[in-house]
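Enquirer: A predicted structure for the sequence below; I have some questions about it.
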Number of protein chains: 2
Amino acid sequence: MKIPVPGQPVRGSKTGQPIMALLDLLGRSWAMGIIWHLYSGPSTFRDLQEYCESISPNTLNTRLKELRECHLITRTMDGYSLTEYGVELFELLRPMGSWARHSWAKSFENDNQT
Amino acid sequence: MKIPVPGQPVRGSKTGQPIMALLDLLGRSWAMGIIWHLYSGPSTFRDLQEYCESISPNTLNTRLKELRECHLITRTMDGYSLTEYGVELFELLRPMGSWARHSWAKSFENDNQT
DNA sequence: AGCTTTGCTATTAAAATTATAGCATCATGA
DNA sequence: TCATGATGCTATAATTTTAATAGCAAAGCT
């Protein structure tokens, strides 16, 4: 799968608008989950595999490569880890956690209606 | 594809933590793109098809169903439109636009090094 | 030297996505 | 009233992603 880079054609934008490149990148399976997880600290490949219960090593490796080429994660002696950019992005993602829990999840409470 | 609902097992969480359900939902092709686009106003099915250059009607329809069941979009007389929740979510997504443009995209400028 | 952990590759199967054609419904206008 | 066009899809088949599983090479104990 082609790695989405700002300035190059990506899913959703022929001119590669940065936001579209980002949405393309993050809209791949496990991409956001990996970032979410790494915020709590560096992880080895096997740790990530375990965390992402159903990911295959191929997909994990592909995703890690993409995120590395896009400067969001890097390899350290402790394993994979967020870069400065990765942390910035996580901080934009973080509010989604409380919103999901406190606002969005509530909207499902009455779903068993007629 | 199973629709991710908070409280039910989803990709990344057997107990269905809301954030994991949300990341599962948004990590599907075009999901965030659709939300991003609809913020600028309601769109017909065909409009969305055109906007998402390479989406197939099957996928678009699947995605629309998912987003509807998850209360993020709804159908109005003007076409598909964000719900209150959809708007809230967009507002969490929005900062990613300027971050992608002003911060992240810059990180690619020196990529043609050795 | 053996055993374990780690990061991955290889292979195959299943699932998601695309590409394309086209249908049924509705509104408009001649 | 009949054609015309727009709309919201469905059907089908091809292609691409992802998952599932096995296992190997390198490195680090003991």
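Expert: The structure has been received and is ready for your questions. Numbers count the residues shown, from 1 in each chain, chains lettered A, B, ... in the order given.
Enquirer: buried stuff in stretch A:41-56?
Expert: The neighbour-count criterion (16 or more other Cβ atoms under 10 Å in any protein chain shown) identifies A:P42, A:S43, A:L48, A:Q49, A:Y51, A:C52, A:I55 as the buried residues of stretch A:41-56. Where you see a C-beta, it was placed from the backbone N, CA and C, and this is true even at glycine.
Enquirer: Can you give me the end-to-end span of that stretch?
Expert: In stretch A:41-56, first residue to last residue: 21 Å (Cα to Cα, to the nearest Å).
Enquirer: That stretch vs chain B: in contact?
Expert: Yes: looking at stretch A:41-56 against chain B by Cβ under 8 Å from any Cβ of the partner chain, the contacts come from A:Y51, A:C52, A:E53, A:S54.
Enquirer: Can you give me the distance of the first one to A:I34?
Expert: From A:Y51 over to A:I34 the distance is 8 Å, taken as Cβ to Cβ, to the nearest Å.
Enquirer: what does the third one give?
Expert: Relative to A:I34, A:E53 is positioned 13 Å away (criterion: Cβ to Cβ).
Enquirer: do the same with A:F90
Expert: Taking Cβ to Cβ as the measure, A:F90 falls 11 Å from A:I34.
Enquirer: Which one of these two is surrounded by more residues?
Expert: Residue environment comparison for A:F90 versus A:I34 gives the larger neighbour count to A:I34, 26 against 18, counting by other Cβ atoms under 10 Å in any protein chain shown.
Enquirer: Make sure that one is indeed in a helix.
Expert: Yes: secondary structure assignment (DSSP: H, G, I helix; E, B strand; the rest coil) places A:I34 inside a helix.
Enquirer: which parts of chain A sit against DNA strand C?
Expert: Along chain A, the residues adjacent to DNA strand C under the rule Cβ under 7 Å from any atom of the strand are A:R11, A:T44, A:F45, A:R46, A:D47, A:S56, A:P57, A:N58, A:N61, A:L64, A:G79.
Enquirer: Can you flag which of those belong to strands?
Expert: Within the residues of chain A next to DNA strand C, membership in strands is found for A:G79, as judged by DSSP state E.
Enquirer: Any chance of JSON lines for the residues of chain A next to DNA strand C, columns distance to B:F108 and pLDDT?
Expert: Supplementary listing: the residues of chain A next to DNA strand C in JSON lines, determined by distance: Cβ to Cβ, whole Å; pLDDT from 0 to 100:
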{"residue": "A:R11", "distance to B:F108": "17", "pLDDT": "92"}
{"residue": "A:T44", "distance to B:F108": "28", "pLDDT": "96"}
{"residue": "A:F45", "distance to B:F108": "25", "pLDDT": "97"}
{"residue": "A:R46", "distance to B:F108": "30", "pLDDT": "96"}
{"residue": "A:D47", "distance to B:F108": "29", "pLDDT": "96"}
{"residue": "A:S56", "distance to B:F108": "29", "pLDDT": "96"}
{"residue": "A:P57", "distance to B:F108": "28", "pLDDT": "96"}
{"residue": "A:N58", "distance to B:F108": "26", "pLDDT": "96"}
{"residue": "A:N61", "distance to B:F108": "22", "pLDDT": "97"}
{"residue": "A:L64", "distance to B:F108": "18", "pLDDT": "98"}
{"residue": "A:G79", "distance to B:F108": "25", "pLDDT": "95"}
